[in-house]
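A.B. asks: okay, predicted coordinates and the sequence, questions at the end:
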Amino acid sequence: YGKHLLEATSRGNIEHMRSLIADHLASPSDLQFRNSFGNTALMIACQRSHYLAARLLVVSRAPLDAADKFGSGALHYACRAGSLPTVRLLMAAGADLRTMNKHGRTPRDFARGHADVIAFLETLAKAEDAKTSLERDDAMRVMAAASFAQNTRTEEEAFLLAAIRLQAALRGKLAQAKLP
């Protein structure tokens, strides 16, 4: 079914994707199935600027950190495609802006020519000044979530945003707790 999911994603056939995912929830390996280049369904959705397909895959818990045979991931491809809504979605879901592929290129490098994506990524990069990696990750997620919230249009997106905010709040409380 992984191959069918890749094909449906490539065509942007959301209904077929929903059907495949719903019928095979017990097999998350389908979300990790790869084509000959090592691309997952999420990477393909990002390459083709299929925002709705990407959103469905993120909500279905497709791996955000998967990399193809060149070391590039979904965020790299969303940036290359110039799909700001997809970049926002991936960042709000926890994608790592600092990931480098095998050629040392970051998602920002892939965004060349897409001023809106570059401006958004530069805003997120300012979070690098945070004192700890935990604070930095949470700051990036909160900034991405805030930006993402401006375009929230569906219940699924609102739910995803609420889950991200809760996760950030819980991390903040854990970081403040004094452990023996």
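C.D. replies: That came through fine.
A.B. asks: could you list the buried residues of stretch 9-26?
C.D. replies: Of all the residues in stretch 9-26, those buried under the rule 16 or more other Cβ atoms under 10 Å are 9, 10, 12, 17, 20, 21, 24. Just so you know, the C-beta spots here come from the backbone N, C-alpha and C atoms, and that holds for glycine as well.
A.B. asks: how about stretch 57-74?
C.D. replies: Buried residues in stretch 57-74, counted by 16+ other Cβ under 10 Å: 57, 58, 59, 60, 62, 64, 66, 67, 68, 72, 73, 74.
A.B. asks: and for stretch 45-58?
C.D. replies: Within stretch 45-58, the residues that count as buried by 16+ other Cβ under 10 Å are 45-51, 53-58.
A.B. asks: just put those residues in TSV and tack on distance to residue 3, secondary structure and pLDDT.
C.D. replies: Output for the buried residues of stretch 45-58, formatted as TSV (distance: Cβ to Cβ, whole Å; DSSP: H, G, I helix; E, B strand; the rest coil; pLDDT from 0 to 100):
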residue	distance to residue 3	secondary structure	pLDDT
45	15	helix	96
46	19	helix	96
47	17	helix	96
48	17	coil	95
49	22	coil	94
50	17	coil	95
51	23	helix	95
53	16	helix	94
54	19	helix	95
55	22	helix	93
56	18	helix	91
57	15	helix	92
58	21	helix	92
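A.B. asks: if we can go back for a sec, among the buried residues of stretch 9-26, which pair sits farthest apart?
C.D. replies: In the buried residues of stretch 9-26, two members sit farther apart than any others by Cβ to Cβ. They are 12 and 24, at 19.6 Å.
A.B. asks: hang on, the earlier thing: any idea which of the buried residues of stretch 45-58 is the one closest to residue 116?
C.D. replies: Residue 116 has its nearest neighbour among those in residue 49, at 13.2 Å by Cβ to Cβ.
A.B. asks: surely that closest one touches residue 84?
C.D. replies: No - in this structure residue 49 lies outside contact range of residue 84 using Cβ atoms under 8 Å: 10.0 Å.
A.B. asks: go ahead and confirm residue 46 touches residue 83.
C.D. replies: Yes - here residue 46 reaches residue 83: they are 6.9 Å apart, a contact under Cβ under 8 Å.
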